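> take this sequence and fold it.
(one chain, ligands or ions: 1)
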Amino acid sequence: MGNEKIRHLVKHIYTADPSAHVFNNKIYIYPSHDIDAGIPFNDNGDHFGMQDYHVFSMEAIDGEVIDHGNALDVADVPWAKRQMWAPDAATRDGKYYLYFPAKDENDIFYIGVAIGDRPEGPFIPEAKPIEGSFSIDPAVFLDPKSGSHYLYFGGLWGGQLQRYKTGKYEEDDSEPNDHAPALCAKVAKLKDDMLSLDEEVKDLLIVDKFGNPLKAGDHNRRFFEAAWMHVYNGTYYFSYSTGNTHLLCYATGDNPYGPFTYRGVIMTPVVGWTTHHSICEFEGKWYLFHHDSKLSGGVTHLRSIKIAEIKYREDGSIETLDGMME
Ligand code: FUB
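Here you go, the predicted model:
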């Protein structure tokens with residue numbers, strides 16, 4: 001990047017929830033494509049009425065950002081009816097896989113997968129969502145140690161994670177009381193076909209420095225949505241949004257399942273209600289891809305993707321970025 005601390009990547013359409021990966025020596029970004037669908041605001045996030053995905057690429061951090069156009073449309077996904085929320089992508093054996101959450105005809109979120117021959121798509125969706133998946137915000141992580149891929153997911157409130165607090169779906173939208181353990185993000189290894197889960201979905205536990213699970217009332221630290229995993233210097237970093245306190249936080253562990261110990265804040269609140277990110281290494285530097293609502297004047301569901309360099313200290317902690325910096 002040049003002298004600027006945060007680079008605004010896309011201005012001709014609204015984009016959010018950027019998942020960045022390096023494929024074939026280029027950066028590919030898989031964001032949500034924000035639109036104003038004319039749906040009134042509510043706590044359920046129904047106003048996030050996205051209908052398709054565009055994929056973007058850059059050959060250099062300062063380089064031109066190419067919009068590769070429509071990669072997948074809700075109209076082409078047999079099981080999905082609305083709300084194409086935060087996606088992610090992965091590659092294996094020459095194929096590319098786009099993972100995405102959407103609501104079905106009963107307004108229940110599941111996670112789907114679509115297959116392409118190129119990183120930018122187009123992607124052909126599977127006829128049904130991934131069996132055993134639920135809620136939102138898929139993030140697919142290639143474990144450099146084992147060579148296996150893991151699917152992380154989950155999101156509270158509009159993302160419906162609280163409906164699975166007993167382990168199976170229930171309409172009850174209440175959260176655990178403040179003193180109970182916080183609800184966890186979910187993780188499961190993917191099969192080699194990249195289309196199905198290889199095991200039962202597990203809880204991803206975040207503990208404090210004393211080893212105690214974070215509490216549901218600990219809104220400044222507990223997981224809300226926007227899971228991401230990366231490895232730096234052999235340590236696993238699980239990062240996420242705290243939702244209603246608008247922080248991007250991280251916790252570290254020694255394997256893809258955890259437990260993870262809470263370490264701190266990566267980015268303070270941005271303009272807009274949501275905050276969502278990915279972390280990606282490119283040419284020896286590490287970058288935070290994120291979004292805010294500055295371009296739309298603060299409209300919460302009309303966001304724009306951005307990039308900022310992140311720095312690690314000697315002890316592996318991450319320097320906190322100011323979400324309001326220019
Ligand atoms: O973009 C819709 C939802 O907003 C995402 O799935 C959440 O992570 C939040 O960014």
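> and the strands in the stretch 101-250 of the chain?
Using DSSP state E, counting those that start in this stretch, the strands of the stretch 101-250 of the chain run over residues 109-116, 124-125, 139-142, 149-153, 185-189, 202-204, 206-207, 225-232, 235-241, 248-253.
> how far off centre is the last one?
It refers to strand 248-253. Strand 248-253 sits 14 Å away from the centroid of its parent chain (CA atoms, centre = their mean, to the nearest Å).
> equivalent analysis for the first one, please.
Relative to its parent chain, strand 109-116 has a centroid offset of 14 Å by CA atoms, centre = their mean.
> cool, and the second one?
A distance of 20 Å separates the C-alpha centroid of strand 124-125 from that of its chain, computed with CA atoms, centre = their mean.
> check which helices and strands it sits against.
Identification of packing neighbours for strand 124-125 by 3 or more CB pairs under 8 Å, 6 or more residues apart in numbering; DSSP states H and E yields strand 109-116. For the C-beta atoms, the positions are set from N, CA and C on the backbone; glycine is no exception.
> okay, the angle between the strand it packs on and strand 149-153?
If you take axes from the mean of the first three to the mean of the last three CA atoms, to 10 degrees, strand 109-116 sits at 140 degrees to strand 149-153.
> strand 109-116 close to the ligand?
No. Using CB under 6 Å from any ligand atom, strand 109-116 stays clear of the ligand, with a minimum separation of 9.2 Å.
> just the angle between that strand and strand 185-189, please?
Going by the same axes, to 10 degrees, strand 109-116 makes 40 degrees with strand 185-189.
> packing partners of strand 109-116?
Strand 109-116 packs on strand 95-103, strand 124-125, going by 3+ CB pairs under 8 Å, 6+ apart.
> which residues touch the shortest one?
Outside strand 124-125, the residues within contact range by CB atoms under 8 Å, 6 or more residues apart in numbering are 72, 76-78, 80, 112-116.
> show me the contacts for the residue nearest to the spatial centre of the chain.
The residue lying closest to the centre of the chain (CA atoms, centre = their mean) is A226, at 3.9 Å. A226 makes contact with 17, 86, 137, 155, 240-241, 248, 275-277 under the criterion CB under 8 Å, 6+ apart.
> narrow the residues you listed to those in helices?
Counting by DSSP state H, the contacts of A226 place none of their members in helices.
> format these as a markdown table; extra columns: pLDDT and distance to the ligand.
Output for those, formatted as a markdown table (pLDDT from 0 to 100; distance: CB to the nearest ligand atom, whole Å):
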| residue | pLDDT | distance to the ligand |
| --- | --- | --- |
| D17 | 99 | 5 |
| A86 | 99 | 4 |
| D137 | 98 | 5 |
| G155 | 98 | 6 |
| Y240 | 99 | 9 |
| S241 | 99 | 6 |
| L248 | 98 | 11 |
| T275 | 98 | 7 |
| H276 | 98 | 4 |
| H277 | 98 | 9 |
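> which of those sits closest to I61?
Closest approach to I61 among the contacts of A226 (CB to CB): H277, at 16.3 Å.
> mind checking how far that closest one is from E199?
According to CB to CB, to the nearest Å, H277 stands 27 Å off from E199.
> so G217 touches E175, yeah?
No. Contact between G217 and E175 fails when scored by CB atoms under 8 Å: they sit 9.2 Å apart.
> the two: which is more packed in?
Counted by other CB atoms under 10 Å, G217 and E175 do not tie: E175 has more neighbours, with 17 against 13.
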